[in-house]
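Student: Need a 3D model of the following:
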Amino acid sequence: MTASLTSALGFWMLVMLAAGAATTAAQTASRSFSDSLTLAFESPHWLTIRGSPLPGGEIRVNYLEAYCRAGSTDADWVRHTVIPHRAGLIALSEDRRSLQLRDTLADGVIVEHTITAKADEVGFQLRAHNPGPARSEAHWAQPCVRLAAFTGFDPQGSDLDDYLPKCFIFLDGRLTRLSEVRPWAKEARYIPGQVWAAPGVPRSDVNPRPLSALQPDHGLIGAFSGDETLIFATAWEPYQELFQGVARCLHSDLRLGGLQPGETKTIRGKIYLMTNDVPALLARYARDFPEHQSGGTRVPTEPTPSTRAVAFYYPWYGNPETDGRFANWNHAVAVRNEPPRAFPGGDDIGANFYPALGSYSVNDPKVLREHARQLRQAGVGVLCASWWGKDTFTDRALPGLFKVAEETGLKINFHLEPFPGRNAQTTRDAIGYLIGMFGGSPALHRLPERGNRPVFFVYDSYLTPATNWATVLQKDGRQTLRGTDWDAVVIGLWVKEKEQDFMLRGGFDGFYTYFATDGFTYGSTFKNWPRLAQWAREQQMLFVPCVAPGYIDTRIRPWNGINTRDREGGDYYDRMWSAALGLSPELVGITSFNEWHEGTQIEPAVPKQIPGFTYLDYRPLPSDYYLDRTAYWIGRMKHQ
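Tutor: Model (predicted):
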């Protein structure tokens, strides 16, 4: 069981156990707060929650800060987004525990609020009505909860992010402090801040602060007090977004969705102010917002591998114990103006990282089963096996690889490398050979939505002219695969900016980007991916963006430091995944599972030092971090 899965299961068990003890937990919290919460309201729209246990004695809420139009993500806040409104106090009970407000929007909509304070929570019941003849543009609204004093920070301090370690959302089944959230979006019309759009809310309709690619598990956002003894949390139904703002504030922003003439909508919300008991908080949240549980909170289970995730896999490693010699661990150095040399293998290998499994052999069934387990941990359902031609090391490794894949439910497709003599005709023969060998295996990866054909990636496809590819990939080619038993989904490599003619004339079914270095090629530069994805959709072609955790190959190419891309503690990988998932692709390529020579592997690495060299590793992250992070992103992809 993986570290993330263990923690996720622990999270869910705590929720379930706490549900049975919610009453006791609430009573304990009530005693701590001594029935002390009260309410106050002052113009223009400030709601104050007071209670002796609260740091500073109170929490102020800009309520409501703004009513907002749709199309707000990249729009001017004042000129486009905000709908002016007036707030009026209608009634406040003698014990200051019940308060009624009325908001009147510039377009005529009336929103009536009933706000009730209890021992350790404040409840909100809203009724929005459009009495006018025109549809209201009010789509969402902002209750802005100011938390500087609660979290223990100076509201006038210059560091607007100082309180982030106290704040949290729930990601991947775990409470995650905002200081630990990765990736953290940084670009928007207005900065800083962070927005998480609610499920089903268009990403064009949220706050114009940096918009995260992440989808929280549900609609609860909160913070711990400075001394960690108390919790603030808030939720609304329906809600538009979760938002961390620049006034040391947190929002769960409520959703109106526009109101037709004569239409009335009801909205409800909660602010929880209680002792630090996360399971009790979650139990109360589950009780108060059952819609969020069915719509977002997940019962963590072992990841189900996704056949939309394709990890490039290199079956070229061997060792003396299994193969009688080292293979590829003893990679040659691409020297310039130096005598040829190579690494010996064993402890000294041609890679900047060192594998947790050591210098393994892909012909060892135990290694293959461990790789299958790791791929399942990562949620990866397909591996793309590098193939260098018939009777090569990679070819001889395939039967064992397919055997383990059949046993474990993995799928395999092929990465056709530039083997000696490769051209369109010999590639056609290679496809026929591989389909002949493995076409009957349930482990062969096929795309049901594309005629149930097997899948082949062609590395460096540009080495062969498009006119040559057309002879085997176009329907009217003189040696065409199309309509034969060897017909396949053949995917070319997009390298330069203008590859459109090559892909169309060559007859490819789609294209992929492969390279791990952002900026190395036009295709691997992920700011170009939206354009490539759009063109692929127009041509009904498959676009496979490829994500990578980083790149470094300076042990085998000492002169290639310009293309090194640091892992940045996982941030580089997160940015690539975020860019890829923003396009809702059919497939995502992962470069790579185990290309150790180029430092792109997600396979676990360990610290190791040998005379004259210290290998890189993933610290302070755990050795299997990139497996779990891959599972995280694949989980996001499944919800697209």
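
Student: would N594 count as being in a helix?
Tutor: No. Counting by DSSP: H, G, I helix; E, B strand; the rest coil, N594 falls outside a helix, being coil.

Student: Count the neighbours of it for me.
Tutor: 24 (other Cβ atoms under 10 Å). Heads up, the C-betas are built off the backbone N, CA and C, glycines and all.

Student: G193 too?
Tutor: Neighbourhood size, G193 [other Cβ under 10 Å]: 22.

Student: how about the residue lying closest to it once chain neighbours are set aside, what does it touch?
Tutor: Distance criterion Cβ to Cβ, 6 or more residues apart in numbering; nearest residue to G193, sequence neighbours excluded, is R209 at 3.4 Å. By Cβ atoms under 8 Å, 6 or more residues apart in numbering, the contact list for R209 reads A188, Y190, I191, P192, G193, Q194, V195, F243, G245, V246.

Student: ok but R209 is inside a strand, no?
Tutor: No. According to three-state DSSP, the state of R209 is coil, so it is not within a strand.

Student: mind checking how far the residue located most distally from the centre of the chain is from T38?
Tutor: Distance from the C-alpha centroid of the chain peaks at E94, with 49.3 Å (Cα atoms, centre = their mean). Computed as Cβ to Cβ, to the nearest Å, the E94 to T38 distance reads 11 Å.

Student: Check G561 too.
Tutor: Distance, G561 to T38, using Cβ to Cβ: 63 Å.

Student: of these two, who's got more company?
Tutor: Using other Cβ under 10 Å, the more surrounded residue of G561 and T38 is T38, with 18 against 10.

Student: In contact with that one, which residues are there?
Tutor: Contacts of T38 by Cβ under 8 Å, 6+ apart are I49, R50, G51, D95, R96, R97, A117.

Student: if you set the cut-off to 10 Å instead, what comes out?
Tutor: 48-51, 58, 92-93, 95-97, 99, 117, 122 (Cβ atoms under 10 Å, 6 or more residues apart in numbering).

Student: Now it. Nearest residue, chain neighbours left out?
Tutor: Nearest one to T38, counting by Cβ to Cβ, 6+ apart, is R96 at 3.9 Å.

Student: repeat for E595
Tutor: E595 sits nearest to Y314 (Cβ to Cβ, 6+ apart), 5.4 Å away.

Student: Look up phi and psi at the closest residue to D107 other than its chain neighbours.
Tutor: Computed as Cβ to Cβ, 6+ apart, the closest residue to D107 that is not its neighbour in sequence is S136, at 5.1 Å. Main-chain torsions, S136, degrees, to the nearest 10: phi -80, psi 140.

Student: where exactly do the helices run in the stretch 451-600 of the chain?
Tutor: Along the stretch 451-600 of the chain, the segments classed as helices by DSSP state H, counting those that start in this stretch run 466-473, 500-506, 529-539, 571-581.

Student: now the ones you listed as TSV including mean pLDDT and distance to G439?
Tutor: Shown next, in TSV, are these (pLDDT from 0 to 100; distance: least, Cβ to Cβ, whole Å):
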stretch	mean pLDDT	distance to G439
helix 466-473	98	18
helix 500-506	98	24
helix 529-539	97	27
helix 571-581	94	30
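
Student: out of these, nearest to S252?
Tutor: Among the helices of the stretch 451-600 of the chain, helix 571-581 comes nearest to S252, with 22.7 Å by Cβ to Cβ.

Student: Poorly predicted segments of the stretch 151-300 of the chain, please.
Tutor: Flagging of the stretch 151-300 of the chain using pLDDT under 70 yields the residue ranges 294-300.

Student: how does it look with 90?
Tutor: For the stretch 151-300 of the chain, the stretches with pLDDT under 90 are 172-174, 199-205, 213, 215, 257-263, 279-280, 290-300.

Student: need the strands for it, in chain order.
Tutor: 167-171, 174-177, 194-197, 221-224, 230-237, 239-244, 249-255, 264-275 (DSSP state E, counting those that start in this stretch).

Student: how about those, which one is nearest G324?
Tutor: Across these, closest to G324 is strand 174-177 (Cβ to Cβ), at 46.4 Å.

Student: Give the other helices and strands that that closest one contacts.
Tutor: helix 3-20, strand 167-171, strand 221-224, helix 278-288 (3 or more Cβ pairs under 10 Å, 6 or more residues apart in numbering; DSSP states H and E).

Student: In a helix, the residue farthest from the centre of the chain, correct?
Tutor: No. Applying three-state DSSP, one finds E94 to be coil, outside a helix.

Student: Report pLDDT for it.
Tutor: As predicted, E94 sits at a pLDDT of 94.

Student: now do L17
Tutor: With respect to pLDDT, L17 has a value of 39.

Student: most tightly surrounded among the strands of the stretch 151-300 of the chain?
Tutor: Ranked by mean neighbour count, the strands of the stretch 151-300 of the chain are led by strand 239-244 with a mean of 26 (mean count of other Cβ atoms under 10 Å).

Student: Could you check the angle it makes with strand 230-237?
Tutor: With axes from the mean of the first three to the mean of the last three Cα atoms, to 10 degrees applied, the angle from strand 239-244 to strand 230-237 works out at 150 degrees.

Student: Tell me which other helices or strands strand 239-244 touches.
Tutor: By 3+ Cβ pairs under 10 Å, 6+ apart, strand 239-244 packs against strand 140-146, strand 167-171, strand 194-197, strand 221-224, strand 230-237, strand 249-255.

Student: List the buried residues of stretch 606-623.
Tutor: K608, Y615, L616, D617, Y618, S623 (16 or more other Cβ atoms under 10 Å).

Student: Give me the contacts around it.
Tutor: 2-4, 346-349, 351-358, 549-550, 552, 555, 566-567, 569-570, 599, 602-605, 624-626, 628-629.

Student: Span of it from start to end?
Tutor: By Cα to Cα, to the nearest Å, the extent of stretch 606-623 from end to end equals 6 Å.

Student: just stretch 216-229 next, same as before
Tutor: By Cα to Cα, the extent of stretch 216-229 from end to end equals 24 Å.

Student: Work out the gap between it and the centre of the chain.
Tutor: 21 Å (Cα atoms, centre = their mean, to the nearest Å).

Student: Now do the strands in the stretch 501-640 of the chain.
Tutor: So, for the stretch 501-640 of the chain - with DSSP E, counting those that start in this stretch - the strands run 510-512, 542-544, 546-547, 588-590, 609-610, 613-614.

Student: Cool, thanks, talk later.
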